[in-house]
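Novice: Sharing a sequence plus its predicted fold:
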Amino acid sequence: MGVIRRQSLKHVSVSLIGLLVGAASTFLVYPHVREGFGLIQVLMQVGLLGLPVMSLGANTVAIRFFPKFQDKLMGHHGFLPLLLMLCGLGFALSGLIAFLFWEQYMQRVEHNAPLIREYLWIAFPMGFFSVVNAVLSMYSANFKRIVVPTILIDFSQKLVLPSLLMGVWQQWITLEIAVWGMLLHTFCVTIGMILYLRSLGEWHWKPDWAFLNPSLKKELMGFISFWVLGGFALTIATKSDVFMVGSLSTVKAAGTFVIAAALAAIIELPIKSLYTASVSSVASHLAEGNFKALGKLYQRVSINLLVGGLMLFGGLWVSIDSIFELFPKSQSGEMAFGIWVFFFIGLSKMVDMSTGLNNYMIFYSQHYRYALISLLIAATLTVSLNILLIPKIGMIGGAISTLIAVVFYNSFNVWLVWLKFRLFPFTKETIMALGVALMCFVAASFIPHTGYYLLDILLRGGVFAAFFGICVIKLEISTDINTLAKMIWQKYF
């Protein structure tokens, strides 16, 4: 895991800086412009939810089929233009679907969210550029390059979005200008990704249609057919909460939901680096039939993500009351509902992290069609529960719906990976990590509140993180974490 570890460490470093910027924005800017923030988040969700359809599965084809096309001397046999062609066709298909159902959707949401009727059309060009960016990012991951795409796509957004909304809050610019600014940002990121791939020598534009023999075409079409439906079901099951809260409640409620979910997203800090750096290895091991190496990677990523997630979730939850006291007092009433949004979304993140790479192992294997069953059930669960719960208990209902869908979906995939590969993500170290986290949480909970919110967060969260980290290292729960700790100790001490 040498290359994976190096790229993961760089990725985490960038993510930590982004985390600080995002935290400042979440506490200092977004609560003052929750309606505008909610609107932009709903618009951005169109690209996220429509990714499988808008790209015709190119985001997963980029990883799943790269080993078959890989040959730098031959420009990878036109793999990149194939991916971008899929994006173009997918966008045209998405536009047709949106045209057919546009008015019915607008009639349903315009009463609670009139801003959606006014601005939703901008979501489609914004979504197209976002989809292309996601596909180019996955393509670059094949070359173990994940840091620069993260800076261009994620980190830059953490700077641009709060800057624009700060302007709206201070009445320097209108909300309309802020929305157009986000569209311009996604376009500029696309240009940046193209220039980056060119600098790597991996922008191969010449198609090689002769390489697509009948057997490969058939395999590609089967995978794309699955992913358009299955991938869309997956995003509906796990990522539709913001869009549905904004549609079934209010845009302002969606803003509050996203702020609370943004805190929960801190828990995912280890996930993005390890997932992005590991997915190409999953595809390679599956292509080579090296299940021994795949099993080791599966368990190592699972325990690493679980430990990282437990440290962050436990440290945040033990301090959650003090954290929410940092929001402006004028917003405290509505923001209080965000505590339980954080809890349920946080639990869903923990479930996803603890099961490791199971989803990718299914998607990039010959058994990917079996996942369609769980995806469709999970999507149906999400939509049904959202429609049932959001009107009754508001945004918390959206968070509960997401948790239930994530638990079902990951449980099914853990069982499927075991059935097909006889590989399991959990070991005795999994139980040890959970037990240690619970004990450290109880210990940190006894620390009395001082009345100074920042100090309380540092004390309670810091004590939990310190005790948990020490126990993880002493008990050797994760080989990789112990190796990293030794490297840091030898370098600085």
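Specialist: Right, received. Where do you want to start? Everything numeric here is computed off the predicted structure, so don't read it as measured data.
Novice: Please list all residues in contact with the closest residue to residue 209 other than its chain neighbours.
Specialist: Leaving aside its sequence neighbours, residue 209 sits nearest to residue 78 (C-beta to C-beta, 6 or more residues apart in numbering; 7.0 Å). (C-beta placed from N, C-alpha, C; glycine too.) Applying C-beta atoms under 8 Å, 6 or more residues apart in numbering to residue 78 gives the contacts 69, 204, 206-209, 211.
Novice: Just the buried residues of those residues.
Specialist: 69, 204, 207-208, 211 (16 or more other C-beta atoms under 10 Å).
Novice: which SS class is the residue nearest to residue 209?
Specialist: Here residue 78 is recorded as helix under DSSP: H, G, I helix; E, B strand; the rest coil.
Novice: State the distance from it to residue 69.
Specialist: Separation of residue 78 from residue 69 (C-beta to C-beta, to the nearest Å): 8 Å.
Novice: shared neighbours of the two, which are they?
Specialist: Counting by C-beta under 8 Å, 6+ apart, the residues touching both residue 78 and residue 69 are residue 211.
Novice: contacts for stretch 22-41?
Specialist: Residues from elsewhere that reach stretch 22-41 (C-beta under 8 Å, 6+ apart): 115-116, 119, 158, 161-162, 165-166, 168-169, 175, 178-179, 182, 242, 246, 250-259, 262-263, 266, 326-328, 331, 334-335.
Novice: Let's see the ChimeraX selection covering just the buried ones among those.
Specialist: To isolate the buried members of the contacts of stretch 22-41 in ChimeraX, using 16+ other C-beta under 10 Å:
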select :115,116,119,158,161,162,165,166,168,169,175,178,179,182,242,246,250,251,252,253,254,255,256,257,258,259,262,263,266,327,331,334,335
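Novice: tell me which residues in stretch 138-146 are buried?
Specialist: If you call a residue buried by 16+ other C-beta under 10 Å, then stretch 138-146 has these buried ones: 138-142, 145-146.
Novice: correction: stretch 355-367
Specialist: Quick answer for stretch 355-367 (16+ other C-beta under 10 Å): 355-365, 367.
Novice: Please tabulate the buried ones among the contacts of residue 78 in a markdown table, including the columns secondary structure and distance to residue 423.
Specialist: Output for the buried ones among the contacts of residue 78, formatted as a markdown table (DSSP: H, G, I helix; E, B strand; the rest coil; distance: C-beta to C-beta, whole Å):
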| residue | secondary structure | distance to residue 423 |
| --- | --- | --- |
| 69 | helix | 27 |
| 204 | coil | 34 |
| 207 | coil | 37 |
| 208 | coil | 35 |
| 211 | helix | 32 |
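Novice: Let me know how buried residue 73 is, in neighbour terms.
Specialist: When neighbours are defined as other C-beta atoms under 10 Å, residue 73 has 5 of them.
Novice: give me every residue that touches it.
Specialist: Applying C-beta under 8 Å, 6+ apart, no residues contact residue 73.
Novice: Residue 56 in helix, strand or coil?
Specialist: Reduced to three states by three-state DSSP, residue 56 is coil.
Novice: Run through this structure and note the low-pLDDT ranges.
Specialist: Residues of the chain that meet the criterion pLDDT under 70 lie in 1-15, 47, 50-51, 108-113, 247-250, 270-277, 280, 330-333, 493.
Novice: Could you chop it up by domain?
Specialist: 2-426, 427-493 (automatic domain parsing).
Novice: Please identify the most buried of the ones you listed.
Specialist: Greatest average neighbour count among the domains of the chain goes to domain 2-426 (a mean of 19), per mean count of other C-beta atoms under 10 Å.
Novice: From the chain's centroid, how far away is that one?
Specialist: Between the centre of domain 2-426 and the centre of its host chain there is 4 Å, according to C-alpha atoms, centre = their mean, to the nearest Å.
Novice: Stretch 457-477 too?
Specialist: Put simply, stretch 457-477 sits 26 Å off its chain's centre (C-alpha atoms, centre = their mean).
Novice: residues in contact with that stretch?
Specialist: Residues from elsewhere that reach stretch 457-477 (C-beta under 8 Å, 6+ apart): 303, 307, 310-311, 314-316, 318-319, 322-323, 429, 432-433, 436-437, 440-441, 443-445, 447, 450, 478, 481-482, 485.
Novice: roughly how far apart are the nearest residue to residue 203 once chain neighbours are set aside and residue 251?
Specialist: Leaving aside its sequence neighbours, residue 203 sits nearest to residue 197 (C-beta to C-beta, 6+ apart; 4.3 Å). Residue 197 sits 36 Å away from residue 251, going by C-beta to C-beta.
Novice: Next: residue 303.
Specialist: 40 Å.
Novice: Check residue 383 too.
Specialist: Remark: distance between residue 383 and residue 251 (C-beta to C-beta) = 20 Å.
Novice: now residue 349
Specialist: Applying C-beta to C-beta, the value for residue 349 to residue 251 is 24 Å.
Novice: again, but for residue 215
Specialist: In terms of C-beta to C-beta, residue 215 sits 49 Å off from residue 251.
Novice: how about the helices of the stretch 301-450 of the chain, start to end?
Specialist: For the stretch 301-450 of the chain, the helices defined by DSSP state H, counting those that start in this stretch cover 320-324, 332-335, 338-354, 358-363, 371-393, 395-421, 428-445.
Novice: now the ones you listed as a markdown table including distance to residue 87?
Specialist: Shown next, in a markdown table, are these (distance: least, C-beta to C-beta, whole Å):
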| stretch | distance to residue 87 |
| --- | --- |
| helix 320-324 | 39 |
| helix 332-335 | 38 |
| helix 338-354 | 26 |
| helix 358-363 | 18 |
| helix 371-393 | 21 |
| helix 395-421 | 26 |
| helix 428-445 | 39 |
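Novice: and residue 93, which of these is closest to it?
Specialist: Closest to residue 93 of the helices of the stretch 301-450 of the chain, according to C-beta to C-beta: helix 371-393, at 18.6 Å.
Novice: same for that closest one, what does it pack against?
Specialist: helix 214-239, helix 241-248, helix 358-363, helix 395-421 (3 or more C-beta pairs under 8 Å, 6 or more residues apart in numbering; DSSP states H and E).
Novice: out of the ones you listed, which comes closest to residue 74?
Specialist: With C-beta to C-beta as the criterion, residue 74 lies closest to helix 214-239 of those, at 14.5 Å.
Novice: List the residues that contact residue 18.
Specialist: Neighbour list for residue 18: 154-155, 158 [criterion: C-beta under 8 Å, 6+ apart].
Novice: just the strands in the stretch 1-150 of the chain please.
Specialist: Ranges of strands in the stretch 1-150 of the chain, per DSSP state E, counting those that start in this stretch: none exist.
Novice: Not counting residues beside it along the chain, what's closest to residue 401?
Specialist: Using C-beta to C-beta, 6+ apart, the closest residue to residue 401 is residue 385 (3.7 Å).
Novice: Residue 180 is in contact with residue 125, correct?
Specialist: No: contact criterion C-beta atoms under 8 Å: residue 125 and residue 180 do not qualify, at 10.5 Å.
Novice: For the residue nearest to residue 208 when sequence neighbours are not counted, give its distance to residue 353.
Specialist: Distances taken as C-beta to C-beta, 6+ apart place residue 78 nearest to residue 208, at 3.6 Å, with adjacent residues excluded. Per C-beta to C-beta, residue 78 is found 36 Å from residue 353.
Novice: repeat for residue 188
Specialist: If you go by C-beta to C-beta, the gap between residue 188 and residue 353 works out to 32 Å.
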